[in-house]
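[1] Take a look and give me a structure for this.
(2 chains)
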Amino acid sequence: GQQLNQSPQSMFIQEGEDVSMNCTSSSIFNTWLWYKQDPGEGPVLLIALYKAGELTSNGRLTAQFGITRKDSFLNISASIPSDVGIYFCAGLYQYNFNKFYFGSGTKLNVKP
Amino acid sequence: DAGITQSPRHKVTETGTPVTLRCHQTENHRYMYWYRQDPGHGLRLIHYSYGVKDTDKGEVSDGYSVSRSKTEDFLLTLESATSSQTSVYFCAISESRPGGEEQYFGPGTRLTVT
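    This is a model prediction of the structure:
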């Protein structure tokens, strides 16, 4: 199947710092999604991206759909303790309609 | 929040017994999915459905079967549970719409096979 490489695997940051994470693929995707998962819960959709170059914000979160359509980035500004969790990217492969592929996740730790 | 429920939320069962997990949606979405999540493997697709009675295999389908007799329900059956099927199982739904697709997850079922 399609591989999504998500980095970094984990991050330890201080409250107030900005965070960046990214996902790359060897194949073209036509939709990128970013999720957050808290312990014991299902992933929650944060941002959806549909066009190459698109930049979308959701509060302190900003995500971008890469121009090549093979990557996506998520930034969190001014992190707070409740940002702790695992962040996943997901891509919809254009030749496998409605079958999503997932990155392995970035575990974010925020120190107050 | 998308209207997705999973039952049971927790289950402990013995090796060799059949187990059925249920996913129910109130969104009338066409596509439904079953994933398993394990440390070091992330989310892996077991089976998915693209309509009533229309299903297909994902990347880790061995030992699992699914059924979808109504739009709102998608059942996952472990025919004879094994310890390697101890995992957290997530149901998800999505719909094609102009502009793009979004996928929403249920709360998960934690299954332990002893």
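[2] Now do the helices in the chain.
    Here I'm looking at chain A. Per DSSP state H, chain A carries no helices over any range.
[3] Could you list the contact residues of it toward chain B?
    A:1, A:30-31, A:33, A:35, A:40-45, A:48, A:50, A:88, A:90, A:92, A:97-100, A:102-105 (C-beta under 8 Å from any C-beta of the partner chain). C-beta coordinates here come from the backbone N, C-alpha and C atoms, glycine included.
[4] Going through those, which ones are buried?
    A:30-31, A:33, A:35, A:42-43, A:45, A:48, A:50, A:88, A:90, A:92, A:98-100, A:102-105 (16 or more other C-beta atoms under 10 Å in any protein chain shown).
[5] Out of these, which sit inside strands?
    A:N30, A:T31, A:L33, A:Y35, A:L45, A:A48, A:F88, A:A90, A:L92, A:F100, A:F102 (DSSP state E).
[6] CA atoms only for the helix or strand harbouring B:S49, dumped as CSV, please.
    Using DSSP states H and E, B:S49 falls within strand B:42-51. Extracted in CSV, the C-alpha atoms of strand B:42-51 (Å, rounded to 0.1, in the frame of the first residue of the first chain):
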residue,chain,number,x,y,z
GLY,B,42,-0.5,3.1,13.4
LEU,B,43,-3.9,2.7,11.8
ARG,B,44,-4.3,-0.2,9.5
LEU,B,45,-7.4,-0.8,7.3
ILE,B,46,-9.1,-4.1,7.8
HIS,B,47,-12.2,-3.9,5.6
TYR,B,48,-14.3,-1.1,4.1
SER,B,49,-17.7,-0.7,2.6
TYR,B,50,-18.8,1.5,-0.3
GLY,B,51,-22.5,0.7,0.0
